[in-house]
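Engineer: I'd like to go over a predicted model; first the sequence, then the structure.
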Amino acid sequence: MDSKETKYPIFNGTGYSLWKNKMMHFIKDTDYKYWRIILKGPLTITTVDVLDNTSVKEEDDYDANDFAKAQNNSRAMSFLQHGITKEESRFSSYTSTKQIWDSLELAYEGPSGVKKYRIDLLNQLYEMFHMKRDENNNHMSARFSNITNELRNRGKLFETKDLVRNFLRSLTKKWQPKVTAIEEAKEVYLDR
């Protein structure tokens, strides 16, 4: 890390999928090796004796490469420690970045079956999205953005024209003249 102030994505117990996405890209952008340490676990520092037996190397025997590995492990841990507020400190007691990352995923996304179910549910909400009776445009737009952002944070890609088409299709009949005007405008391209 350099001396300039670092703005870590901060997780306080809400908005996990957005934080996870931001933190992943923040770490990768800083140095990809830290991301690998978080996913795979700390770099092990070992020594091999004359009988080809491998064991963990004592700190007193570290060379420059060993200290570099130890520092990389520490920096990867620092990302997660700085990115989690004291309200979520239960995760900071783990001794490896992999344990912290995996525990956060399990706590906030659930097992893989639950993750798949959540993605399926969000896809269904997106596909069946419609404006509620007596709902204003701002509230509808916020609901739509929440659904699409959650899907994006879980890896779904959208083309702008598909988002626009789904949103316009979701409006009530009283908006139909405006929807027609938008669809016919040359600036907006919507395949039928």
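Structural biologist: Thanks, I have the structure now.

Engineer: Run through who's touching stretch 34-49.
Structural biologist: With Cβ atoms under 8 Å, 6 or more residues apart in numbering as the test, stretch 34-49 has contacts from 24, 27-28, 54-57, 61-62, 66, 69-70, 72-73, 75-76, 79-80, 96-98, 100-101. Yep, even glycine has a C-beta here, placed from its N, CA and C like the rest.

Engineer: Narrow the residues you listed to those in strands?
Structural biologist: Within the contacts of stretch 34-49, residues falling in strands by DSSP state E are T54, S55, V56.

Engineer: can you pull out the strands in this protein?
Structural biologist: Ranges of strands within the chain are 46-48, 54-56, based on DSSP E.

Engineer: Enumerate every residue touching the residue nearest to S17 when sequence neighbours are not counted.
Structural biologist: The shortest distance from S17 to any non-neighbouring residue, by Cβ to Cβ, 6 or more residues apart in numbering, is to N153 (3.9 Å). Listed by Cβ under 8 Å, 6+ apart, the contact partners of N153 are S17, L18, K20, N21.

Engineer: Buried subset of the residues you listed, written for ChimeraX?
Structural biologist: Those of these that count as buried under 16 or more other Cβ atoms under 10 Å are selected in ChimeraX with:
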select :17,20,21
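
Engineer: domains of the protein?
Structural biologist: 16-109, 112-184 (automatic domain parsing).

Engineer: just to revisit the earlier point, winner for burial among the strands of the chain?
Structural biologist: Greatest average neighbour count among these goes to strand 46-48 (a mean of 11), per mean count of other Cβ atoms under 10 Å.

Engineer: what residue ranges in this structure score low on pLDDT?
Structural biologist: Scanning the chain for pLDDT under 70 picks out the ranges 1-6, 186-192.

Engineer: quick one: the helices in it?
Structural biologist: Assigned by DSSP state H, the helices in the chain fall at 16-30, 32-40, 64-83, 97-109, 112-127, 137-153, 160-170, 176-184.

Engineer: how about TSV for those helices, with distance to T46 added?
Structural biologist: Shown next, in TSV, are the helices of the chain (distance: least, Cβ to Cβ, whole Å):
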stretch	distance to T46
helix 16-30	25
helix 32-40	15
helix 64-83	9
helix 97-109	18
helix 112-127	32
helix 137-153	38
helix 160-170	51
helix 176-184	64
